[in-house]
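K.L.:
Provide a 3D model corresponding to the input given below.
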Amino acid sequence: MPEKKPTGPNADELAKNLKAALAQRRPRPWKAILAALALSTFALILFAVVLYPRRPPEPLQVLALDALATPDEVLHISARLMAPANDTSPRSLHKHKIVFHEPPAIFQGADKPREVSGSSDERGQALVDWETPKKAIAEFQATYIDLTARPARHTDHARIFVTPARTPILVVDTDDLLSADVVNEKAAAKLSEAAKDGWQIVYLAPAAAKPRAFSKARERLTQQPKLPRGPILGRFHAPTAETVEAARRELLQSIRTRFQGPIQALVNSAAAAQSSKEAGVNTILIGAADAPAGVLRVASWSDVPLRLDK
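P.N.:
A predicted model of the protein is given here:
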């Protein structure tokens with residue numbers, strides 16, 4: 001005979017207790033699986049962070065600076081370190097090695113290019129003694145090497161202009177007069193005429209307070225084929241100057257103390273004219289700005305004296 005199932009309240013209570021006991025004893029592996037998965041994911045992330053090759057930082061960049069010298073003076077050349085354009089974190093510019101050297105020799109058997117090393121100061125500037133070139137215009141290069149970066153080196157070049165101490169110097173304030181992308185034709189013609197007449201042209205760009213801004217200003221000027229060649233001097237040739245006008249005065253005074261020939265400055269603003277006058281330099285203001293006492297004002301480049309008084 002078939003076995004009768006228990007019925008009634010006791011049977012229902014017994015079934016509930018049995019189900020509860022089975023639920024408590026049944027294993028729940030999904031918790032262990034989730035824990036193992038989380039631990040594995042964390043381990044993989046840690047492995048990737050530690051062992052995955054990171055992109056090396058770009059090296060610090062170097063800005064070589066033009067020099068103007070007489071044949072008999074002790075020549076110093078300099079360069080300035082700067083962070084890459086896309087750098088977001090500050091880096092120390094102090095005590096980095098910068099190698100100054102002549103451009104590589106083209107012909108086999110030529111003498112080994114000259115090479116001198118310098119160390120940067122807190123501002124990132126390095127200054128070294130350099131043998132005065134025999135040529136009127138020579139070139140040097142400055143190289144910074146960082147083996148932890150890619151690329152590992154950055155090189156810039158600059159020029160050295162050597163001219164006798166009694167050479168007439170014509171200083172042009174480029175921030176005022178030659179700031180356009182295309183140089184005024186009359187300005188280029190006037191400066192070329194002055195160069196043919198024996199004047200050494202010197203370009204001043206003291207407004208650029210950052211190395212990269214000065215580099216762009218210099219590049220713009222050197223790409224003007226109609227301008228006569230000359231050194232481009234800026235704020236970093238007067239590193240202690242804190243303002244544009246202080247830099248302009250310091251640069252002009254340096255030229256005035258080293259060159260005994262006539263010195264003229266061409267400017268376009270009253271402030272630049274005043275700084276030039278305070279530096280003891282004969283000044284011509286081109287344009288409509290009010291000229292300080294003792295400064296000659298002319299309306300345009302065409303009105304600049306054809307033969308500057310030597």
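K.L.:
I'd assumed Ala188 was in contact with Ala195.
P.N.:
No: using Cβ atoms under 8 Å, Ala195 makes no contact with Ala188, being 10.6 Å away. Where C-beta positions appear, they are placed from N, C-alpha and C, glycine not excepted.
K.L.:
who's Ser119 bridged to?
P.N.:
Note on Ser119: beta-bridge partners by DSSP bridges are Lys97.
K.L.:
Contact partners for it?
P.N.:
Contacts for Ser119 were tallied using Cβ atoms under 8 Å, 6 or more residues apart in numbering; they are Lys95, His96, Lys97, Ile98, Ala126.
K.L.:
Quickly note the distance from it to His237.
P.N.:
19 Å (Cβ to Cβ, to the nearest Å).
K.L.:
which regions of the stretch 101-250 of the chain lie under the pLDDT threshold?
P.N.:
Where the stretch 101-250 of the chain drops to pLDDT under 70, the residues are 105-110.
K.L.:
Any chance of the contacts of Ser119 in JSON lines with distance to Glu219 and neighbour count as columns?
P.N.:
Output for the contacts of Ser119, formatted as JSON lines (distance: Cβ to Cβ, whole Å; neighbours: other Cβ atoms under 10 Å):
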{"residue": "Lys95", "distance to Glu219": "28", "neighbour count": "10"}
{"residue": "His96", "distance to Glu219": "23", "neighbour count": "20"}
{"residue": "Lys97", "distance to Glu219": "26", "neighbour count": "13"}
{"residue": "Ile98", "distance to Glu219": "20", "neighbour count": "25"}
{"residue": "Ala126", "distance to Glu219": "21", "neighbour count": "26"}
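K.L.:
out of these, who's nearest Ser89?
P.N.:
His96 (16.3 Å; Cβ to Cβ).
K.L.:
pretty sure that closest one contacts Ser120?
P.N.:
Yes: counting by Cβ under 8 Å, Ser120 is a contact partner of His96 at 4.6 Å.
K.L.:
Find residues that contact each of the two.
P.N.:
Listed contacts common to His96 and Ser120 are Leu81, Ala126; contacts here mean Cβ under 8 Å, 6+ apart.
K.L.:
Correct me if wrong, but Val202 is in a strand.
P.N.:
Yes: the assignment for Val202 is a strand, going by DSSP: H, G, I helix; E, B strand; the rest coil.
K.L.:
Now do the contacts for it.
P.N.:
Leu68, Ile169, Leu170, Val171, Val172, Gly230, Pro231, Leu233, Ile255.
K.L.:
out of these, which one sits closest to Ser89?
P.N.:
Nearest member of the contacts of Val202 to Ser89, counting by Cβ to Cβ, is Leu233, at 31.3 Å.
K.L.:
now what about stretch 172-183, what contacts it?
P.N.:
184, 187, 191, 201-207, 217, 220-221, 224, 226-227, 232, 244, 248, 265-269, 272, 276, 286.
K.L.:
So which of the residues you listed are in helices?
P.N.:
Those of these mapping onto helices are Ala187, Leu191, Ala217, Arg220, Leu221, Val244, Arg248, Ala272, Ser276, per DSSP state H.
K.L.:
Looking at those, state which has the most neighbours.
P.N.:
Within the ones in helices among the contacts of stretch 172-183, neighbour counts (other Cβ atoms under 10 Å) peak at Arg248, which reaches 31 neighbours.
K.L.:
these two touch, right, it and Leu233?
P.N.:
No: assessed by Cβ under 8 Å, Arg248 is found out of contact with Leu233, at 9.9 Å.
K.L.:
overlap in contacts of these two?
P.N.:
Leu204, Pro206.
K.L.:
for Asp121, phi and psi?
P.N.:
For Asp121, the backbone dihedrals are phi -90, psi -170 (criterion: degrees, to the nearest 10).
K.L.:
Could you check how far it is from Leu60?
P.N.:
14 Å.
K.L.:
Tell me which of the two has more neighbours.
P.N.:
Leu60 (22 against 16).
K.L.:
close enough to count as contact, the more buried one and Asp146?
P.N.:
Yes: with contact defined as Cβ under 8 Å, Leu60 reaches Asp146; the gap is 6.7 Å.
K.L.:
Appreciated, that's everything.
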